[in-house]
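Asker: how would this look folded up:
(2 chains)
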There are 2 protein chains.
Amino acid sequence: MLDCIIIGGGVAAVSAALTLQANGKTFEILGGSSFGAKIKKAEMINNYPGLCKVSGEQFFNALKSQLDEMQIEVKPQKATGVYAMKGKFLVTAEGDLTIEGKTVILCTGVESVKPIAGEEEFLGRGVSYCATCDGMLYKDKTIAVLCTTKSLEHEIEYLAKIAKKVYLIPLYKGVEIDGENIEKIVKMPERIEGGLKANAVVFKADKNGEQRTVSVDGVFMLKESVSPAALCGGLQTEKGHIVVKRDQSTNLKGLFAAGDCTGKPYQYAKAIGEGNIAAHSVVEYLAGK
Amino acid sequence: MLDCIIIGGGVAAVSAALTLQANGKTFEILGGSSFGAKIKKAEMINNYPGLCKVSGEQFFNALKSQLDEMQIEVKPQKATGVYAMKGKFLVTAEGDLTIEGKTVILCTGVESVKPIAGEEEFLGRGVSYCATCDGMLYKDKTIAVLCTTKSLEHEIEYLAKIAKKVYLIPLYKGVEIDGENIEKIVKMPERIEGGLKANAVVFKADKNGEQRTVSVDGVFMLKESVSPAALCGGLQTEKGHIVVKRDQSTNLKGLFAAGDCTGKPYQYAKAIGEGNIAAHSVVEYLAGK
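Answerer: So this is what the prediction gives:
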């Protein structure tokens, strides 16, 4: 069993990994396919000590070559669930991956897109965050796919191969994906509706006050970050942020959190500091076991 | 009046300064003459994200050139006192310097050398942390000077020019200082003794059980870091560390702390994260005023 499972694809995860390695601990990073996507977006970073006036791209490259040099691999699978068992954690990820760890560090970031009405209500009942986990449930059916980042376009492609019809709701610029069964709707969705299961997406009214509604069998929300509360049952959050103590521990024993998911300021330096502290807390926790 | 006064000569201070600058705030850094001394000592840094396998010297050079590039100056004076006034702070420093600021960020580090018996008891009564502040009080007198770091040898020189006799107790390697009125004692002091004022230093017993005692008029403790509680009256500390909340605020309104002085882990990443958070908290505090 691994000493620790790190969940997330940003700088907090990198910092935690480097410090766990320095302490001789075993771990895996479930970074997801959008690893580094958020870092690369930064135009110019002026306040990260040690790297002067670097672009997000340069910063990412520095981190990437550091991970290569230290022989730390980031798994491209995204975590889909964290289950606290007696004295250990079971983490599920895309591609039917299951990993066991003595501890977990959540570095899941924050989603800049707020949840839409009905999203949390219908989660697991027609609303899914994971294309590869739930895609096959919608074979030859009609789905809506809301996607917040270009780096997840391959998941749209995957879904379009399975479903009969895809209503694509892209919340990013430079959409490059296309297909016979894909209809793009460039409007903000207002809510997901349904009965026992989600069955429609309602869009915000246009200038004329008209509201479009599309009927669907399911809705996929493809985001860089998943709501921590949705990922891990029983985790204490406050206004969408994970509640942590000064040692980055959460209300669940052995589960730590670091980076944007624990609250503002949303800064590289803060995320890196917290990743470091969380890793040290894991080391202490394991020693006390 | 400055928006903020940053006290300290390590990475937390650098991080706070970069973030205050990015937010358009005015500030000064009282770094002291040993600025960066502790950073340079690190042999190899393996877990700082963005800089792969750098020595302390290389890390310091990266920080130094970043400060130069951003036109941030570090004052060579060391802070000697922090006084909370109504809605502002008065900070005193070596060389009769006095600065007023709306807020203060303490990044004073930790002293690896534990206080010796009597040190805190006789502080201000024959025991001093500041050569340039109190040196002249000991003109033509006999003093003991305990020094924990080579980077403060110039302060020993300064004191040797004033005092009649200096018992130098160096707690570092490679002592280079010499003088007719300087007698080196390479032993660990056990305690400072005195009545109303300190008047003697007693050393630990040697193999034969003999204990040397030297009579003095005063004792200087030259350290890289000063006890935060000694620097700032009323500041809440616990086992020598400043007690802070998650936003790096202390029990004194407008006073924040970051880095090793707030507790373990003693890590660059942690210090940098906390410096960043403290700076953001200063920005919020100023906005709320």
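Asker: any idea how far residue A:228 is from residue A:138?
Answerer: Distance check for residue A:138 against residue A:228: by C-beta to C-beta, to the nearest Å, it reads 26 Å. Bear in mind the C-beta positions are built from the backbone N, C-alpha and C, glycine included.
Asker: First-to-last residue distance for stretch A:238-246?
Answerer: 16 Å (C-alpha to C-alpha, to the nearest Å).
Asker: Could you tell me how many residues sit around the residue lying closest to residue A:197 once chain neighbours are set aside?
Answerer: Spatial nearest neighbour of residue A:197, chain neighbours left out: residue A:126 (4.0 Å); criterion: C-beta to C-beta, 6 or more residues apart in numbering or on different chains. Residues lying near residue A:126 (other C-beta atoms under 10 Å in any protein chain shown) number 25.
Asker: Wait, residue A:126 touches residue A:200, no?
Answerer: No: between residue A:126 and residue A:200 there is no contact under C-beta atoms under 8 Å: 9.9 Å.
Asker: Which residues are in contact with each of the two?
Answerer: Shared contacts of residue A:126 and residue A:200, defined by C-beta atoms under 8 Å, 6 or more residues apart in numbering or on different chains, comprise A:192, A:194.
Asker: Contacts only, for the residue in chain A that chain B sits nearest to.
Answerer: Nearest residue of chain A to chain B: residue A:273, at 1.6 Å (C-beta to the nearest C-beta). Going by C-beta under 8 Å, 6+ apart, residue A:273 touches A:15, B:269-274, B:276-277.
Asker: Where does pLDDT dip in chain A?
Answerer: Chain A contains residues with pLDDT under 70 at A:112, A:289.
Asker: Those residues of chain A touching chain B, which are they?
Answerer: Chain A has residues A:11, A:14-15, A:18-19, A:21-22, A:46-53, A:59, A:62-63, A:65-66, A:69-70, A:244, A:246, A:263-265, A:267, A:269-277, A:280 near chain B, with proximity defined as C-beta under 8 Å from any C-beta of the partner chain.
Asker: so of these, which ones are in helices?
Answerer: Assigned to helices by DSSP state H, the following of these qualify: A:11, A:14-15, A:18-19, A:21-22, A:59, A:62-63, A:65-66, A:69, A:269-277, A:280.
Asker: so is the nearest residue to residue A:128 once chain neighbours are set aside in a helix, a strand, or just coil?
Answerer: Nearest-residue entry for residue A:128: residue A:134, 4.0 Å, with adjacent residues in sequence omitted and distances by C-beta to C-beta, 6+ apart. Here residue A:134 is recorded as helix under DSSP: H, G, I helix; E, B strand; the rest coil.
Asker: Residue A:127 is in contact with residue A:134, correct?
Answerer: No: if you go by C-beta under 8 Å, residue A:134 and residue A:127 don't touch, sitting 9.5 Å apart.
Asker: Show me just the buried residues among the ones in helices among the residues of chain A next to chain B.
Answerer: A:11, A:14-15, A:18-19, A:21-22, A:59, A:62-63, A:66, A:269-277, A:280 (16 or more other C-beta atoms under 10 Å in any protein chain shown).
Asker: rewinding a little: which one of residue A:134 and residue A:127 is surrounded by more residues?
Answerer: residue A:127 (24 against 18).
Asker: OK, contacts around the spatially closest residue to the more buried one that is not a sequence neighbour?
Answerer: Leaving aside its sequence neighbours, residue A:127 sits nearest to residue A:219 (C-beta to C-beta, 6+ apart; 4.9 Å). Residues near residue A:219 by C-beta under 8 Å, 6+ apart: A:122, A:126-128, A:143-146, A:192, A:198, A:201.
Asker: what do you get if the cut-off is 10 Å, keeping everything else the same?
Answerer: Counting by C-beta atoms under 10 Å, 6 or more residues apart in numbering or on different chains, residue A:219 touches A:116, A:118-119, A:122-123, A:126-128, A:138, A:143-146, A:167, A:169, A:189, A:192, A:194, A:198-201.
Asker: and of the contacts of residue A:273, the nearest to residue B:75?
Answerer: Closest approach to residue B:75 among these (C-beta to C-beta): residue B:271, at 19.5 Å.
Asker: From what I see, the closest one and residue B:59 are in contact.
Answerer: No: checked against C-beta atoms under 10 Å, the pair residue B:271 and residue B:59 is beyond contact range at 12.0 Å.
Asker: which residues do these two both contact?
Answerer: In contact with both residue B:271 and residue B:59: A:49, B:11, B:39, using C-beta under 10 Å, 6+ apart.
Asker: Adding distance to residue B:2, write the residues you listed out as a markdown table.
Answerer: Listed next are the shared contacts of residue B:271 and residue B:59 as a markdown table, based on distance: C-beta to C-beta, whole Å:
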| residue | distance to residue B:2 |
| --- | --- |
| A:49 | 21 |
| B:11 | 21 |
| B:39 | 25 |
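Asker: What separation do you get for residue A:60 and residue A:110?
Answerer: Residue A:60 is 18 Å from residue A:110, by C-beta to C-beta.
Asker: When these two are compared, which one has more neighbours?
Answerer: residue A:60 (22 against 19).
Asker: Apart from its neighbours in sequence, what residue is nearest the spatially most central residue of chain A?
Answerer: Geometric centre of chain A, nearest residue: residue A:225, 2.6 Å, by C-alpha atoms, centre = their mean. Spatial nearest neighbour of residue A:225, chain neighbours left out: residue A:109 (4.0 Å); criterion: C-beta to C-beta, 6+ apart.
Asker: Show the contacting residues for that neighbour.
Answerer: Applying C-beta under 10 Å, 6+ apart, the residues contacting residue A:109 are A:8-13, A:34, A:37-38, A:223-226, A:228, A:259-261, A:266, A:271.
Asker: Please identify which helix or strand holds it.
Answerer: Under the criterion DSSP states H and E, no helix or strand holds residue A:109.
Asker: how about it, phi and psi?
Answerer: Backbone geometry at residue A:109, expressed as degrees, to the nearest 10, gives phi 70, psi -170.
Asker: Please enumerate the strands of the stretch 151-289 of chain A.
Answerer: A:165-170, A:182-184, A:189-194, A:198-203, A:213-215, A:218-222, A:237-238, A:241-242, A:255-257 (DSSP state E, counting those that start in this stretch).
Asker: now for the ones you listed, which one comes closest to residue A:284?
Answerer: strand A:255-257 (10.6 Å).
Asker: list the buried ones in the closest one?
Answerer: Within strand A:255-257, judged by 16+ other C-beta under 10 Å, the buried ones are A:255-257.
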